[in-house]
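Trainee: Let's see this in three dimensions:
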Amino acid sequence: MAGVLNQPPVEQLLARSPNRSRYTLVAMAAKRARQLLEGAPPLVSVDSTKPVTIALHEISQGRLVCEVPRVGGIK
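Mentor: Below is the predicted model of the structure:
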């Protein structure tokens with residue numbers, strides 16, 4: 001089936017995302033893919049030239065870390 005993500009596994013990617021959030025995972029991958037398109041060097045070696053695939057491999061290998069800012073609450 002085309003278009004199915006099986007490498008790296010989604011469960012492994014979610015483990016690298018704060019609160020195991022799919023939204024955060026997608027935001028991380030999209031931001032990194034844009035950086036790669038703009039010329040940033042890949043942080044891992046993979047057999048793909050697609051920026052989203054490279055970004056997902058970087059996340060799964062722990063080369064990218066998402067920092068969630070602390071919010072002070074509503075006053």
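Trainee: From here on, just use CA atoms for contacts and neighbour counts.
Mentor: Noted.
Trainee: Can you tell me, leaving aside adjacent residues, what's nearest to the residue positioned nearest the centre of the chain?
Mentor: Of all residues in the chain, the one closest to the mean position by C-alpha atoms, centre = their mean is residue 29, 3.4 Å from it. Closest residue in space to residue 29, ignoring its immediate chain neighbours: residue 55 at 5.4 Å, by C-alpha to C-alpha, 6 or more residues apart in numbering.
Trainee: circling back: quick one: secondary structure of the residue nearest to the centre of the chain?
Mentor: Of the three states, residue 29 takes helix under DSSP: H, G, I helix; E, B strand; the rest coil.
Trainee: residue contacts, it?
Mentor: 52, 55, 56, 59 (C-alpha atoms under 8 Å, 6 or more residues apart in numbering).
Trainee: Kindly reformat these as a markdown table containing distance to residue 12.
Mentor: Formatted as a markdown table, these follow (distance: C-alpha to C-alpha, whole Å):
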| residue | distance to residue 12 |
| --- | --- |
| 52 | 16 |
| 55 | 14 |
| 56 | 10 |
| 59 | 9 |
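Trainee: Run through the protein and note the low-pLDDT ranges.
Mentor: Residue ranges of the chain with pLDDT under 70: 1-6, 73-75.
Trainee: Could you pull out the helices in it for me?
Mentor: Ranges of helices in the chain, per DSSP state H, are 10-15, 22-37, 51-60.
Trainee: quick one, the second one and helix 51-60 angle?
Mentor: With axes from the mean of the first three to the mean of the last three C-alpha atoms, to 10 degrees as the criterion, the two stretches helix 22-37 and helix 51-60 enclose an angle of 120 degrees.
Trainee: Centre of the chain to helix 22-37, how far?
Mentor: Put simply, helix 22-37 sits 5 Å off its chain's centre (C-alpha atoms, centre = their mean, to the nearest Å).
Trainee: how many neighbours does the closest residue to residue 57 other than its chain neighbours have?
Mentor: Closest residue to residue 57 apart from its sequence neighbours, by C-alpha to C-alpha, 6+ apart: residue 8 at 6.4 Å. Other residues near residue 8 come to 15 when the count uses other C-alpha atoms under 10 Å.
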